[in-house]
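Undergrad: From the sequence below, what's the structure:
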Amino acid sequence: MLSCVALVAVVFLLLRKQDHKDAWRDLSLALLLAGVLGNLTDRLTHGHVIDFLLVNLHVRFANPWPAFNVADSCICIAVICFIIDTLRQRPLSTAEGRSD
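TA: Prediction:
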């Protein structure tokens, strides 16, 4: 159910009109959409998400490292892009933020 809500929210955000184009935001939302669709497809077809990448780092207490898939990778990269986009945005000064 949560995946369906996330899917609708991301599609709405992607299709919403913007004053200016923001490539980082659009890339983030596209990757998030891909990750949500990938995991939702697995849940609908198999009843659970199929993880197929298993990494062994040979590190104590992390053996094996948690398994993941391409959809999970897309979601993680989307979060990183959202963070970059947030850090790149110019903060509003107090004069710009007021509506006097």
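
Undergrad: now Ala6, nearest residue through space, not along the chain?
TA: Nearest residue to Ala6 in three dimensions, chain neighbours excluded: Val36, at 5.0 Å (CB to CB, 6 or more residues apart in numbering). No exception for glycine: its C-beta is placed from N, CA and C like everyone else's.

Undergrad: Repeat that for Asp26.
TA: That would be Leu14: by CB to CB, 6+ apart, it lies 7.1 Å from Asp26.

Undergrad: What distance do you get for that neighbour to Asp42?
TA: 22 Å (CB to CB, to the nearest Å).

Undergrad: So which of those two has more stuff around it?
TA: Asp42 (17 against 13; other CB atoms under 10 Å).

Undergrad: I'd say the more buried one and Val36 touch.
TA: No - Asp42 is not in contact with Val36 according to CB atoms under 8 Å; the separation is 11.1 Å.

Undergrad: Least confident secondary structure element in the protein?
TA: helix 94-97 (a mean of 54; mean pLDDT, DSSP states H and E).

Undergrad: what packs against the longest helix seen in the chain?
TA: Counting by DSSP state H, the longest helix found in the chain is helix 23-46. Under the contact criterion of 3 or more CB pairs under 8 Å, 6 or more residues apart in numbering; DSSP states H and E, helix 23-46 touches helix 2-15, helix 70-88.

Undergrad: That concludes my questions; thank you for your assistance.
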